[in-house]
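# pasted the sequence and its predicted model underneath.
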Amino acid sequence: MKVDPITDVKHIKSIKRLLHDSPRNKLLFIMGINSGLRVQDLLNLKIANVRYVNVGDRIVIREKKTGKENVLMINTEIKEALDDYLKTIEAKEENFLFKSRKGSNAPLTTYAVTMYVQQWCNALNLPGNYGAHSLRKSWCYHQRKTYGTSWEVIAKRLNHSSPSITRRYIDVKEEEVEEVLMKSI
């Protein structure tokens with residue numbers, strides 16, 4: 001299923017406000033849109049991985065899909081959401097950070113995250129198709145369009161094996177190509 005990024009910063013801020021009373025889901029959203037990691041890799045984090053982190057710390061993870069190493073960098077937004085969430089739970093080191101509420105020490109599923117993202121976007125009446133992967137795609141979109149990060153740097157962050165995967169992934173629109181072609185030298 002192809003999903004869309006959340007392209008408007010005001011919608012991202014609205015979702016954060018919507019999740020104000022749900023610290024776990026707010027942290028999940030914030031980590032997803034601030035890390036560029038796949039949701040399945042975030043779901044594998046345990047309390048022990050994050051309990052004592054500070055802004056600027058790196059958490060090395062092994063990507064479930066590729067088996068490659070990657071990092072989660074703790075920025076200010078992630079740290080604040082993490083601290084807020086850890087205050088609300090019984091944080092045993094061995095527990096998954098995004099523990100399912102079904103009783104056992106199991107993480108949320110990617111499917112559950114897809115349902116959450118769809119609910120959040122539906123609550124704002126956002127047109128488009130959204131799911132768990134929208135968080136990673138939103139990170140890519142804002143790195144490229146808001147911050148001007150090159151696709152090569154995005155490709156490195158995403159751990160893609162070839163540039164063609166990243167170019168397809170960041171979904172360069174025909175209108176963008178035509179806009180460039182209209183510029184005079």
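Sure, I can see it. Numbers count the residues shown, from 1 in each chain.
# just checking, Val117 touches Leu126?
No. Contact between Val117 and Leu126 fails when scored by C-beta atoms under 8 Å: they sit 10.2 Å apart. Heads up, the C-betas are built off the backbone N, CA and C, glycines and all.
# low pLDDT regions in the protein?
Regions of the chain meeting the criterion pLDDT under 70 cover residues 103, 171.
# tell me where it has helices.
9-18, 23-35, 39-43, 47-50, 76-86, 110-123, 133-141, 151-158, 163-169, 174-181 (DSSP state H).
# and those as CSV, adding distance to Asp57 and mean neighbour count?
Shown next, in CSV, are these (distance: least, C-beta to C-beta, whole Å; neighbours: other C-beta atoms under 10 Å):
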stretch, distance to Asp57, mean neighbour count
helix 9-18, 22, 14
helix 23-35, 13, 22
helix 39-43, 16, 21
helix 47-50, 9, 17
helix 76-86, 9, 16
helix 110-123, 24, 17
helix 133-141, 19, 23
helix 151-158, 17, 16
helix 163-169, 26, 13
helix 174-181, 36, 9
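# now those in TSV, with distance to Gly56?
Converted to TSV, the helices of the chain look like this (distance: least, C-beta to C-beta, whole Å):
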stretch	distance to Gly56
helix 9-18	22
helix 23-35	13
helix 39-43	19
helix 47-50	14
helix 76-86	9
helix 110-123	26
helix 133-141	18
helix 151-158	17
helix 163-169	26
helix 174-181	34
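# quick one: the residue positioned nearest the centre of the chain and Val180, what's the gap?
Geometric centre of the chain, nearest residue: Gly32, 1.7 Å, by C-alpha atoms, centre = their mean. From Gly32 across to Val180, the span is 30 Å (C-beta to C-beta, to the nearest Å).
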